[in-house]
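> please find the sequence and the predicted model below.
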Amino acid sequence: MRFGSTIIIALRALRRNKLRSVLTALGIIIGIGAVIAMVSIGNGAKSQVEAQVASLGQNVITVFSGSINTSGTRSGWGGAATLTLDDADAIAREVSGIAGVSPEVRDRSQVLANGLNWNTQIQGESPDYITIRSWPVAEGSMFTEQDVRSVAKVCVVGKTVVDQLFPETEPIGQTLRIRNIPFKIVGVLSAKGFNLFGQDQDDVVLIPYTSHMKRITRRTNIASILIQADSPEVIDKVQQSITDTLMQRRKGRDQDFTVRNQVELAEAATKTTKTMTVLLGAIACISLVVGGIGIMNIMLVSVTERTREIGIRLAVGAHGRDVLLQFIIEAVILSVMGGILGVLLGIGSSQLISFYLGWPVLISTLSVAAAVSVSAVIGIFFGYYPAMKAAELDPIDALRYE
Amino acid sequence: MAPVVQLKDIHKIYDSGEVQVHAVRGVTLELHKGEFMAVMGASGSGKSTLMNTLGCLDRPTRGTYLLDGVDVSGLDRNQLADLRNAKLGFVFQGFNLLSRTTALENVELPMLYGTGHGTARQIRERALHCLDIVGLSQRADHFPSQLSGGQQQRVAIARALANEPQILLADEPTGNLDSKTSVEIMGVFQKLNDAGITIVMVTHELDIAHFCKRNLIMRDGRVVSDIAVADRSLAEAEMQKLHAAEAQAKLTD
Ligand SMILES: Nc1ncnc2c1ncn2[C@@H]1O[C@H](COP(=O)(O)OP(=O)(O)OP(=O)(O)O)[C@@H](O)[C@H]1O
Ligand SMILES: [Mg+2]
């Protein structure tokens, strides 16, 4: 018995019952459609988070100032600014495999320029900051190492600040007053959008950290230190070496800082979306199983109903194996066609979702291929039992069946 | 020449729980190539049971059956299927065509199983040829539901011919047909028989049996009479008589 003619036979049998074939496949269509849509939404969410994580910069390690123990009462992380410029210098000096270091100081303040005012984040950084964060300036240039040393009154402003304070005029060269101290605008940052926590990253004014500490806040401590490692491979080593360096400087005191790298942040951020993807996927898989049972049910009905047909086939020379193959192929054709239609349905509905709800969706070829193969497996799995019942029929009994 | 079919003391006992039905009780029979035999007998006398045994659809409870010199009792399920596919053509009691399947596809069916039936194209051509033999090539694309009883029966015959069988077995091929259509069917059979195919058919009607060369009568599972038909009817002549009678009826109308 040739495989080709079994396929012809199976196709002919399905064609005889078009409506039923479509209804039978419906369970699979909806199941696969749901899987594809869910996975697309999950992937979309994941890739959005990943993009946001990537916008943090490349191979970034952050040292946060930490908890302080004031006569037994322990504050939380960041409860005290326990990092100093000396710490940052030590890291730059002693840790190998780093591409840049930027001590960070942050403060919110009202700024004035061009007859307008705006409340924004004032961030003291080193010139390395824009490379660490992969955040180029759009106009002008970043302040320099020289500006840091000379505690210069220069600043680089974010896109939002420009929009608010210089709606019509060119900002470069203008003066921005921070706490009444005039800073000269030397550059405008390119737009970066929102971060993982939904904050507008463009609502910022960057100034040299020395200027921030001496002219604005008059603080001696820094909030955090941004470090860029040379490559992803050395991140762990660099992170360890930073911890060692800082601990050495603390001479046996408790650790009052935390070191986090980007990978850890990314993992934390993608954790929820992963959970969501798994949950949605599980629900979709249940619907697939239900679809498979639907196929099995209809195939069983079909075997009973077509007992005579099976009898005729056996009588004219079909082997049990031919009949088995025919019914399995019928089930597989049903489920694979259902799978393909389901993929189309899934793609269509995820497009609709992204269009109307604005959710990011990402259709992966892997999930499409997996869906189609899974539907074939469902066909074989749920088609096998009915097919075996058909194949085991006795030709005479089957012919007599009313 | 060795007989194509040799039955030796065939018994068939249906054992359905409490009651045992002894449907065939010791039939011994030989059939030679080119024979054309009618099996007759009252309802329940075991005709269909005997035909199913001849057709290798059912195994006898006792006795030996040699088909072409081969003892079929030693064959397994699949070997029997191959035998049916290669050597036997069966026209079932009731037409047993696949519904919602065209006449052509019904005729193609036996050629889709077994081996050596050629390409899809050759199979199609052979099926069309078989439909042509029974005079139905115009209706190849019709579904059984669009065909008359006689036409459906002819499709069933064409299907039985599809794999060029040595023996054609027909269980009441004219059972549900009017006398004119019956004569047409017998004409097809006589032509096939003339071409060398051995035919065994079951019938209840004496005049239909008269188209055959040999008449076998069964009663209670036994053969009670086995005679050669002396002056058998020829379908062509009978057709002409029928036409004449029809014309007469119209004239006198
Ligand atoms: N599957 C079966 N199980 C039990 N008994 C059966 C079975 N098939 C046939 N019989 C019995 O065997 C006997 C012979 O049946 P068979 O069908 O051969 O008769 P027949 O001569 O073909 O009758 P008819 O002219 O009505 O077709 C009957 O008494 C019938 O009831
Ligand atoms: Mg019968």
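That came through, no problem. Ligands and ions are numbered 1, 2, ... in the order given.
> now residue A:117: which helix or strand?
strand A:116-125 (DSSP states H and E).
> so what secondary structure elements neighbour that strand?
strand A:98-113, helix A:159-165, strand A:204-208, helix A:209-211 (3 or more Cβ pairs under 8 Å, 6 or more residues apart in numbering or on different chains; DSSP states H and E). C-betas here are computed from N, CA, C, even on glycine.
> buried ones in that strand?
A:118, A:120, A:121, A:122, A:123, A:124, A:125 (16 or more other Cβ atoms under 10 Å in any protein chain shown).
> and stretch A:191-209, by the same measure?
Buried, per 16+ other Cβ under 10 Å, within stretch A:191-209: A:192, A:200, A:201, A:202, A:203, A:204, A:205, A:206, A:207, A:208, A:209.
> could I get these as CSV with distance to ligand 1?
Below are the buried residues of stretch A:191-209 laid out as CSV (distance: Cβ to the nearest ligand atom, whole Å):
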residue, distance to ligand 1
A:192, 83
A:200, 84
A:201, 84
A:202, 86
A:203, 88
A:204, 90
A:205, 96
A:206, 94
A:207, 100
A:208, 101
A:209, 98
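> what residue in the stretch 1-150 of chain B comes nearest to chain A?
Nearest to chain A, among the residues of the stretch 1-150 of chain B, is residue B:85, at 2.5 Å (Cβ to the nearest Cβ).
> which residue is the nearest non-sequential neighbour of that residue?
residue A:317 (2.5 Å; Cβ to Cβ, 6 or more residues apart in numbering or on different chains).
> distance of the one you found relative to residue A:31?
38 Å (Cβ to Cβ, to the nearest Å).
> same question for residue A:22.
For residue A:22, the distance to residue A:31 - Cβ to Cβ - is 15 Å.
> can you check residue A:353 too?
According to Cβ to Cβ, residue A:353 stands 18 Å off from residue A:31.
> who's more crowded, those two?
Neighbours were counted for residue A:353 and for residue A:31 using other Cβ atoms under 10 Å in any protein chain shown; residue A:31 has more, 29 against 17.
> now the more buried one: phi and psi?
For residue A:31, the backbone dihedrals are phi -60, psi -50 (criterion: degrees, to the nearest 10).
> residue A:296 belongs to a strand, doesn't it?
No: looking at residue A:296 with DSSP: H, G, I helix; E, B strand; the rest coil, it is helix, so not inside a strand.
> and it, what pLDDT?
Per-residue confidence (pLDDT) for residue A:296: 87.
> ranges for the strands of the chain?
Went with chain A since none was named. Secondary structure of chain A (DSSP state E): strands located at A:60-65, A:69-70, A:73-74, A:83-84, A:98-113, A:116-125, A:137-140, A:154-157, A:175-178, A:181-189, A:204-208, A:221-222, A:224-229, A:257-261.
> to clarify, I was referring to chain B.
Using DSSP E, strands in chain B cover B:5-16, B:19-31, B:36-41, B:62-67, B:70-71, B:88-91, B:167-171, B:198-202, B:214-219, B:222-228.
> which strand residues bridge the residue positioned nearest the centre of chain B?
In chain B, the centroid-proximal residue (Cα atoms, centre = their mean) is residue B:170; its distance is 1.7 Å. Beta-bridge pairing for residue B:170 (DSSP bridges): residue B:91, residue B:201.
> so who does it touch?
Counting by Cβ atoms under 8 Å, 6 or more residues apart in numbering or on different chains, residue B:170 touches B:90, B:91, B:157, B:160, B:189, B:199, B:200, B:201, B:202.
> spell out which residues of chain B are next to ligand 1.
B:14, B:16, B:21, B:23, B:41, B:43, B:44, B:45, B:46, B:47, B:48, B:49 (Cβ under 6 Å from any ligand atom).
> repeat that for 8 Å
Residues of chain B lying close to ligand 1 (Cβ under 8 Å from any ligand atom) are B:12, B:14, B:16, B:21, B:23-24, B:41-52, B:93, B:171-172, B:202, B:204, B:218, B:221.
> next, count neighbours for residue 18.
All of this is about chain A. Neighbours of residue A:18 (other Cβ under 10 Å): 9.
> my question was about chain B
Residue B:18 has 5 nearby residues by other Cβ under 10 Å.
> just the buried residues of stretch A:295-307, please?
Judged by neighbour count (16+ other Cβ under 10 Å), stretch A:295-307 contains these buried residues: A:295, A:296, A:298, A:299, A:300, A:302, A:303, A:306, A:307.
> stretch A:168-184 now?
A:171, A:172, A:174, A:176, A:178, A:183.
> please apply the same query to stretch B:102-119.
Buried residues in stretch B:102-119 (16+ other Cβ under 10 Å): B:102-114, B:117.
> quick one on the thing from earlier: what's the strand holding residue A:117 in contact with?
So strand A:116-125 is contacted by A:102-111, A:158, A:160-161, A:164-165, A:178, A:203-213, A:216, A:222, A:226 (Cβ under 8 Å, 6+ apart).
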